[in-house]
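Novice: Model the structure of this input:
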Amino acid sequence: MVTEASSSRAHSAPVWPLFQFFLLAFALMWVCFFTVALVPIPTGAVLGQSLVFLGAFAPSLAALLVTARTEGRRGAGMLLRGVIKWRVAARWYLFAASYTVIVKLTVAVLHRVAVGAWPRFDAELLINGQTEVIRLLPARP
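Specialist: Next up is the predicted model:
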């Protein structure tokens, strides 16, 4: 027999792990990002790249840690197994893998048409492709 007390406890149980996830994800992410921004650590340096990389994957790490803490190794294993399940056709994986390349090449062609020269291609632009899109915007006087 389900009583009112046990029923309310069952509905509020998932709230605490969810709170832990958000707290851990935001704390880890912003500590990494603010460290790079405020210290300042160049993003081209190994330490800067490592902190940005860790900050970018902070929500995934937080999910893994909270799941392992609340559901144990079995729950964490189920979470990780879900990452490699092929639930869609192979063409969608091909699309996901080629999408960024197609967008970057399209932006390069637009840059060539707009400016008359090919954009600079180097490692930093490959990492941060948004700078090319921003360069296409007209400059304000």
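Novice: what about the protein, any weak spots by pLDDT?
Specialist: Within the chain, the stretches with pLDDT under 70 are 1-13, 122-141.
Novice: mind redoing it with 80?
Specialist: Scanning the chain with the threshold set as pLDDT under 80 gives 1-14, 83-87, 120-141.
Novice: what are the phi and psi angles of the residue nearest the centre of the chain?
Specialist: When Cα atoms, centre = their mean is applied to the chain, the residue found nearest the centroid is residue 56 (4.6 Å). Note on residue 56: its backbone torsions stand at phi -70, psi -30 [degrees, to the nearest 10].
Novice: Can you tell me how far it is from residue 28?
Specialist: Per Cβ to Cβ, to the nearest Å, residue 56 is found 11 Å from residue 28. C-beta here means a position set from N, CA and C on the backbone, and glycine is covered the same way.
Novice: before we move on, back to that, quickly note the distance from the residue nearest to the centre of the chain to residue 30.
Specialist: 12 Å.
Novice: Cheers, nothing more for now.
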